[in-house]
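[1] Only the shape, not the letters, is given here:
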C-alpha cells in the first residue's frame, strides 16, 4: 500500500515541505518539495528575538504548506523547527501563532536531536559506519559521532552560515580581520571537542546546502563534463582553496561563480570558512557529501517504523531495488539476468581477475538495465543511464554510479562500450572492467531475450592456454532464438577477454 | 482500465513484437519491443520461394514472441505478415507451420492494406492532412495518397531495399551500371503513378527503418548537438547527396558512417537510391519522417475502436495529454498553470506580438512542466526537458519540440532561459519568444506555487507608452506566499518585454 507523508522543516535560512510517497520498508520516493527562503533568523543577531518580518514570511510559508498538504491529500505531517526557533526568546509566541495559522504543533528539536536525525539521513545516504557527520545549517552546526553505523554523541554548535555572517562579516566587501575573528571564534567553539578527531578507518560526512553548494563549485572548477554530487569525496585542500577565494570577492563577484546558487551568495563564504576550520580541527583530508539529512532522517523513522533502529540494513541493495521499484520493473526478468551475469562473472574470474566490488556493480546494472523504458522504449538503454546518473543511488560513490550507468547504457547491442564523458570519474582499470562486464551483461540479457527464463543457467569452460572459452547454456526448453541472438552479441566479451568464445546449447536438468 | 495488446509484424527484413499498454482512447505507451532481423526474404530472388533457413529463423522468432506474450500476460495479439509472405509461392505451408508453432493465424496483408495501416500510423504521428505517405520496407514500398487526413488510394510497389539489393547490386563494391539499372527499374515502376505528384499544400511523409536511418545520417553530417528525428523535415537535396555517396562506398566503409545502423549497412544504399528516384518522380523538395507506421496503424485500430475512423482528432492536444498521463501528472494543477499562462499571453499580445503558434507551445509546456519528477524531484525541470526531447510528441516539429523542452527547462527559478545546445533547431525570433514565454510560464507556476488554485485568474494592464505593466492577481483567499514568490520571479518577463512590471493583489469575485 502506498502512503504519503509530509515533513516540514523550519530552518534559519530556508523552510521546506517535502512529501514522500512510500510503501513502508519497501520503497519510497520524494514526490514533492516546496522550498522557501524565509530567513527566519534574519536580524536576530545577539538579541535572539525573532523579527516581525521574518516571522510573517515564515507564517506565510507555513500556511501555504498546510494548504498544499490539504490539496495533495497528505494528512500525516511531521513539522519541526531548528535553531532559530530553539534559540528565540519569543519562541512561545511564534509557536502559538504557527499553530493558530496551520493547526500544526511544531516540534522544536534540541541541537542533539537535530544532529541525530541529520546523521540518520546521512548514514542512510552514504552507508557511513565509523566517523562523524557535520550538518552546518543557517543557525547552527551539528557534529555527530557515528559508531557501528549508528549516531552516538551529538553536539550543536553556534556555527551556522547565516549566524556567522551576521556576527562577523560586512555585507559586501569582507575585511581580513573579520575573517580572522570568524576563524578564531570557530576554533574556540570547536576546542572542547577533543573526541572530534580523525581515527584510522573514520570517515567524515557533511550535509546541508552550504557544503553541497561548495562541492558544486569544486566540481565546476574541475570542469567535469558530468557532475555527480551525492557521495562525492570533496578533498580538504580544494575546500580550503575555495574558502580562501570566496571571502575576498564582492557579493556581485561571488554571485557570478559557476556552480554557486545566487540565493546563497551572501552567506556561502562564512560557511566555507567554518568548514575550513572544522576540517583543520578534526584532521580529515576529505569530506563526503551526503544527499540526505534532517528531513530524510525524520522520514526514515516513519519508513522503517517496524525496525528497532531506523537504519537501512543493506543500503546498496536497498537503493538499487528502491530505484527499480519506483520504475515498475520486471523483477523476475531482471533478477534472472542478474543471476546469469553473476554466474558468468564467477566462472570467468580466472580470465578477468576482477574483484567482488565490480561484481556488485554488475549486479546493480543487471537489476536497473530496463528502468529507462519509462521515458521511452526507443533508446531506453540511454534513458536508464540518464536516470541512474540523475537519481543517484545511496551507498554508491560517483565512480561506481558512473560504471553502473555505463553498463546499463551498453546492455543492448548498441555500440561498443566506451566511457565517453563519464571518463573523468573512472579509474584506469575501470575501462577494461567496463568492457568485460558489459560483454557479460549483454550476453545475460540476450539469454533472457524472451523473458521466459528458458535458459536456466550457464557454465563457462575456460582454456586460457589455448585461448578459448565455451559458454554452455543450460536450457529448459526451446532456446533457439535466445542462442541465436546471444551468438550475435558475443563479440564484446570475446574481444574484452581476448579469447575465442563459443556458445553451446546444453540441457538443464532439475537438481 | 489499462489493457495490453501485442502486435507482431513479420516483414521481409525484420520481424517485431511490440506490446502496448493503453486505456482505450485516453492514453497509451509502448511497453515492450522485441526486434529480430530474420531476413525472411533472403535468397528468395526471382523464384519467390521462402528459403528453409529464413523460415527457420522466422519461426524461431515467432515462437519466442509467443512465449514472451505468455509470460507478459498479453492475450490479445494481432499478427500480420507483409510482402515476403504475400509474394511467396510456398506461403500456405509457411503459414501453417507458423500456426502450428505459435497458435497464431498470421494475417497476410495485401499491399493496399499494408499501405493503409502504415498511413494510419503516419497520419497519427505527423498530423498529415493532404499529401502522400511512402513506406519503403525490405520487400516492397507502399505509396498512399492522403486526403482530408485519411488514406485514400494505395499501391504496393516492388521497391523494397532488400529486394532491390538482391536484384541489382553486387554484395560489396557496387558498379555504376548496377546503380543505373536500379534507378531505371524504379523509374519504370513509378511511371504509371501519375497521381503521385506534388500539388500545392501537399506534404510527403515517409516511414520505415530505411528513411529513418538516412535521416540519422543527415543529422549526423549536420553535426546537430541534439538530434530529433520524429517529424524531421529531410530536404530532398540532402537525401540525393547521401544517396550518391553511399553506393560508392564498400560495405566496410558504409558501416563506419556516423548514424548508420550496422545491420542495415548492406541494404541502405539501395533504399537511398530508391528514395532518390521517388522524390524526383513526385517532385517534393522534402520528406517528413514519421515515427510511426504499420504496427502503430494496427494498434490505433484497437486504441480508437469506438471511433468511425481510427484517426486522432486533435493530435497535438492528444499527444501532450498522452505524455502527461503516462507520467501521472497533477492534472488540476497543470491545467490551471496553463490557464493562467494563456491568460497572460493573451493580455500581453500588444507587448509581445507573438502569434498563436507560440501560444500552443506555451500551453504544451504548461501541461508538461512537471513530468520530470518521475526521474528525480531535484532538477525535475531538466528531466522534463530530457523526457520531452527523447519521447517526442506527435504532431510537433523538432523546432516546436525544442521550444517546449526549453520552456519546461526554465519553468522554475533556475537560471535565465537560453537555447543552449538546442539553438540549431530554433529560428531567429524564437529566442525572444522563449524569453517571454518562459517569463510567463514561470509566473504562472509561482501563482500556483501552493497548487491550490487560490489565484483564480490574472489580468494584465499595459501602458506601452510609459513602459509599465501591472499584473492584477485575482485571489480567492490568502495568496501572500504565491504573491511573494511570484514577485521574486518577475525579472525574466520584465527584461524580456523591456517593461517595468508590478504585481498587485486583487480579489476574485465569482461571476
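    Perfect, I can see it now. Only a predicted model underlies this, so the values are computations on that prediction, with no experimental measurement involved.

[2] I'd like the mean pLDDT over the helix or strand where residue A:277 lies, please.
    Using DSSP states H and E, residue A:277 maps to helix A:268-282. The pLDDT scores in helix A:268-282 average 97.

[3] Next secondary structure after that helix?
    strand A:286-289.

[4] List the neighbouring strands of that following strand plus their orientation.
    strand A:203-207 (parallel), strand A:233-235 (antiparallel) (DSSP bridges).

[5] Identify each buried residue in that strand, please.
    A:287, A:288, A:289 (16 or more other C-beta atoms under 10 Å in any protein chain shown). (C-beta placed from N, C-alpha, C; glycine too.)

[6] Per-residue pLDDT of residue A:257, please?
    89.

[7] Can you report how many residues neighbour it?
    When neighbours are counted by other C-beta atoms under 10 Å in any protein chain shown, residue A:257 registers 20.

[8] Can you tell me which residues in the stretch 401-511 of chain A are near chain B?
    Counting by C-beta under 8 Å from any C-beta of the partner chain, the stretch 401-511 of chain A comes close to chain B at A:449, A:450, A:451, A:452, A:454, A:478, A:480, A:481, A:482, A:484, A:485.

[9] Can you tell me which of these has the most neighbours?
    Highest count within these by other C-beta under 10 Å belongs to residue A:450, 28 neighbours.

[10] How many neighbouring residues does the nearest residue to it once chain neighbours are set aside have?
    Nearest residue to residue A:450, sequence neighbours excluded (C-beta to C-beta, 6 or more residues apart in numbering or on different chains): residue B:64, at 4.4 Å. Using other C-beta under 10 Å, the number of residues around residue B:64 comes to 26.

[11] what about residue A:458, which helix or strand?
    strand A:455-463.

[12] Next SSE downstream of that strand?
    strand A:468-475.

[13] Would you mind listing what in the stretch 51-200 of chain A touches chain B?
    So far as C-beta under 8 Å from any C-beta goes, the stretch 51-200 of chain A lies against chain B at A:57, A:60, A:61, A:63, A:64, A:67, A:68, A:70, A:71, A:72.

[14] before we move on, the earlier item: show me what the helix holding residue A:277 is packed up against.
    strand A:131-136, strand A:141-147, helix A:161-168, helix A:176-190, strand A:203-207, helix A:209-221, helix A:236-246 (3 or more C-beta pairs under 8 Å, 6 or more residues apart in numbering or on different chains; DSSP states H and E).

[15] how close does the residue nearest to residue A:47 when sequence neighbours are not counted get to chain B?
    Excluding the flanking residues, the one nearest residue A:47 by C-beta to C-beta, 6+ apart is residue A:89, at 7.5 Å. Residue A:89 sits 26 Å away from chain B, going by C-beta to the nearest C-beta, to the nearest Å.

[16] wait, isn't residue A:89 in contact with residue A:46?
    No - taking contacts as C-beta atoms under 8 Å, residue A:89 lies outside contact range of residue A:46: 11.2 Å.

[17] Tell me which of these two has more neighbours.
    Set residue A:89 next to residue A:46 and count neighbours by other C-beta under 10 Å: residue A:89 wins out with 11 against 8.

[18] how about that one, what does it touch?
    A:47, A:48, A:49 (C-beta atoms under 8 Å, 6 or more residues apart in numbering or on different chains).

[19] does it count as helix, strand or coil?
    coil (DSSP: H, G, I helix; E, B strand; the rest coil).

[20] so where's the stretch 251-400 of chain A shaky on pLDDT?
    For the stretch 251-400 of chain A, no stretch has pLDDT under 70.

[21] Contact residues of it facing chain B?
    A:373-377, A:379, A:382-383, A:386-387, A:390-392.

[22] wait, what's in contact with the closest residue to residue A:162 other than its chain neighbours?
    Sequence neighbours aside, residue A:138 is the residue nearest to residue A:162 in space, at 4.0 Å (criterion: C-beta to C-beta, 6+ apart). By C-beta under 8 Å, 6+ apart, residue A:138 lies in contact with A:11-14, A:39, A:41, A:83-84, A:160-163, A:267.

[23] Turn the residues you listed into JSON lines, columns for neighbour count and distance to residue B:29.
    Converted to JSON lines, the contacts of residue A:138 look like this (neighbours: other C-beta atoms under 10 Å in any protein chain shown; distance: C-beta to C-beta, whole Å):
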{"residue": "A:11", "neighbour count": "30", "distance to residue B:29": "40"}
{"residue": "A:12", "neighbour count": "27", "distance to residue B:29": "45"}
{"residue": "A:13", "neighbour count": "24", "distance to residue B:29": "42"}
{"residue": "A:14", "neighbour count": "19", "distance to residue B:29": "37"}
{"residue": "A:39", "neighbour count": "24", "distance to residue B:29": "44"}
{"residue": "A:41", "neighbour count": "28", "distance to residue B:29": "48"}
{"residue": "A:83", "neighbour count": "26", "distance to residue B:29": "47"}
{"residue": "A:84", "neighbour count": "31", "distance to residue B:29": "47"}
{"residue": "A:160", "neighbour count": "30", "distance to residue B:29": "47"}
{"residue": "A:161", "neighbour count": "29", "distance to residue B:29": "45"}
{"residue": "A:162", "neighbour count": "27", "distance to residue B:29": "47"}
{"residue": "A:163", "neighbour count": "27", "distance to residue B:29": "51"}
{"residue": "A:267", "neighbour count": "22", "distance to residue B:29": "45"}
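
[24] any idea which of these is least confident?
    Lowest confidence among the contacts of residue A:138: residue A:13, with 82.

[25] how far away is that one from residue A:267?
    As defined by C-beta to C-beta, to the nearest Å, residue A:13 lies at a distance of 7 Å from residue A:267.

[26] Can you give me the buried ones in stretch A:433-447?
    For stretch A:433-447, using 16+ other C-beta under 10 Å, the buried residues are A:433-447.

[27] If you tally nearby residues, what's the number for the closest residue to residue A:246 other than its chain neighbours?
    Sequence neighbours aside, residue A:269 is the residue nearest to residue A:246 in space, at 4.0 Å (criterion: C-beta to C-beta, 6+ apart). When neighbours are defined as other C-beta under 10 Å, residue A:269 has 28 of them.

[28] give me every residue that touches residue A:269.
    Taking C-beta under 8 Å, 6+ apart as the test, what residue A:269 contacts is A:165, A:169, A:174, A:243, A:246, A:247, A:249, A:254.

[29] any idea which of the residues you listed is closest to chain B?
    Nearest to chain B among the contacts of residue A:269: residue A:254, at 16.5 Å, using C-beta to the nearest C-beta.

[30] now the closest one: how far from residue A:174?
    10 Å.

[31] Repeat that for residue A:2.
    Counting by C-beta to C-beta - residue A:2 and residue A:174 are separated by 49 Å.

[32] re the thing from before, can you confirm the residue nearest to residue A:162 is in a strand?
    No - Residue A:138: not assigned to a strand; according to three-state DSSP it is coil.

[33] measure it to chain B for me?
    Residue A:138 is 18 Å from chain B, by C-beta to the nearest C-beta.

[34] What of residue A:80?
    Taking C-beta to the nearest C-beta, one finds residue A:80 at 20 Å from chain B.
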